[in-house]
Each structure stands twice: as C-alpha cells, then as structure tokens.
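Q: Pasting a predicted model and its sequence here:
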Amino acid sequence: AQSVTQPDIHITVSEGASLELRCNYSYGATPYLFWYVQSPGQGLQLLLKYFSGDTLVQGIKGFEAEFKRSQSSFNLRKPSVHWSDAAEYFCAVGFYNQGGKLIFGQGTELSVKP
Amino acid sequence: SQTIHQWPATLVQPVGSPLSLECTVEGTSNPNLYWYRQAAGRGLQLLFYSVGIGQISSEVPQNLSASRPQDRQFILSSKKLLLSDSGFYLCAWSLKQGSSGNTIYFGEGSWLTVV
C-alpha cells in the first residue's frame, strides 16, 4: 500500500541554522512528490513539487528538496531558517490515476528559536 | 485566477445533529475536488474525491458523505454527527492531468467541534 512517513514529529532549530525535514514514501511506481506548509488554523500552501527531471527542486521561501529514488526519500531543506518558517510541514505522494489524490505524511512541526 | 471558498469557517454542533460544509471553486472548470480531514495533532486524511458531477469516491468508511451537485461545488454532509467527527476539514481542488499535473490547492479550512 502507498504510504508516506515523516519520522520527525517535532523539530526545533535556531534562527539562521540549516534545516532538513525527512520524508520517505512507499509507492510502486515513480511518484509525484510534494511539500506543503501549514500555519496554525489555516489551509495548506504548496512549497514545491517533483514530477520528473532534475531531482533537486526549488520552491518558494528559499526551500528546496531532493528526490532520491534509491532511498525512497524526498527531504526538504533550507540553508538558513527564519522565525517566520515556524509552521507544520507535510510531505505528500500524488497519484496519476485515482483522481490525482494525494496521500500525506503525519507532518513535522517546526519551531524556531530566536 | 482560480480561487476556492469553503464555509462555514467554524462550526460548533451537538452530537446527533446534521452537518453541511460547502466548497466552491471559481476560475476553472471540471476540476478534481477533494475533502480532507485533519484531526488535532494528526496528519491529513483523504475522505472523498470527485472527478466529475455526481462522481464520488470514498476513501474511508465513516459517518460522512459527499456530493457534487454542480461542476465546481462539493458538499460534505452528515445526518448525525459523532464526537469523533470533530476536526479541521479542508476542501481542495486540482486540474485534470496534463495541465499542472495533479498539484492540489487547498481552501482555508473549516473547524468543526462536536459537543
């Protein structure tokens, strides 16, 4: 069965430090992969996505993610975290068929220390 | 540009009462539509998706139902709410394949508290 795992429920980093959020997926074919961010009480905003081609994708707000097929991973990174990056981050796998639905991981809550 | 609206934004309902959450998409036609639920401290669970009018796929057995009476309208309903139905409900849409892939765009969500 298809699934997405975000092993870190909560991460705290200092402002200005680098960030890496982990995401592993289980899917039989080449997946479509996404990262979304959610501020408290709000909907989700797309950060970046991978469909094909270059395995390092750039997103908004200075985020990037790298697709590694051999590790079934799609980790999100940012070289220098800002206080405004504090939010919950969701990794998701998309399906070409089945109405284009997304399966989400459980999310990683990011806290930023001043 | 496309926009998505869902309402009400917050709702407090007693156990056993009915529910209706409504979602509409503007600026596009024939979208895929989705209802997700986010329980407190948990990830997003896909409840229903729809690829066209009257076409509903249910992902999990539950106390809820969905309908799509018009192309850009998606409704989440319940005849009798349970305490476990409390959560944050998100409507979302995507274009059909071949346009922007299946990127899903979310509404602002509806908070449901069942008391």
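A: Arrived safely, thanks for sending.
Q: in chain B, which residue is closest to the centre?
A: residue B:35 (2.8 Å; C-alpha atoms, centre = their mean).
Q: Tell me the confidence at it?
A: Here the pLDDT value assigned to residue B:35 is 96.
Q: got it, and the one 3 residues further on?
A: Among the per-residue scores, residue B:38 shows a pLDDT of 90.
Q: on that earlier part again, the residue nearest to the centre of chain B contacts residue B:91, doesn't it?
A: Yes: the pair residue B:35 / residue B:91 is scored as a contact, 6.0 Å apart, by C-beta atoms under 8 Å. Where you see a C-beta, it was placed from the backbone N, CA and C, and this is true even at glycine.
Q: any common contacting residues for those two?
A: The contact sets of residue B:35 and residue B:91 overlap at B:21, B:23, B:74, B:76 (C-beta atoms under 8 Å, 6 or more residues apart in numbering or on different chains).
Q: out of the residues you listed, which is most surrounded?
A: Most neighbours among the shared contacts of residue B:35 and residue B:91, by other C-beta atoms under 10 Å in any protein chain shown: residue B:74, with 30 neighbours.
Q: Can you get me a residue count around the spatially closest residue to residue A:10 that is not a sequence neighbour?
A: Spatial nearest neighbour of residue A:10, excluding adjacent residues (C-beta to C-beta, 6 or more residues apart in numbering or on different chains): residue A:109 at 4.7 Å. A count of nearby residues for residue A:109, using other C-beta under 10 Å, gives 16.
Q: for the closest residue to residue A:3 other than its chain neighbours, what are its contacts?
A: Closest residue to residue A:3 apart from its sequence neighbours, by C-beta to C-beta, 6+ apart: residue A:26 at 4.7 Å. Residues in contact with residue A:26 (C-beta under 8 Å, 6+ apart) are A:1, A:2, A:3, A:4, A:5, A:72.
Q: And those, which is closest to chain B?
A: Nearest to chain B, judged by C-beta to the nearest C-beta, of the contacts of residue A:26 is residue A:4 at 8.5 Å.
Q: picking up where we left off before, make CSV from the contacts of residue A:26 and add secondary structure and neighbour count to it.
A: Compiled in CSV, the contacts of residue A:26 are given as follows (DSSP: H, G, I helix; E, B strand; the rest coil; neighbours: other C-beta atoms under 10 Å in any protein chain shown):
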residue, secondary structure, neighbour count
A:1, coil, 6
A:2, coil, 14
A:3, strand, 11
A:4, strand, 23
A:5, strand, 14
A:72, coil, 14
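Q: Let me have those in JSON lines, extended by distance to residue A:78.
A: Formatted as JSON lines, the contacts of residue A:26 follow (distance: C-beta to C-beta, whole Å):
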{"residue": "A:1", "distance to residue A:78": "31"}
{"residue": "A:2", "distance to residue A:78": "27"}
{"residue": "A:3", "distance to residue A:78": "25"}
{"residue": "A:4", "distance to residue A:78": "20"}
{"residue": "A:5", "distance to residue A:78": "20"}
{"residue": "A:72", "distance to residue A:78": "22"}
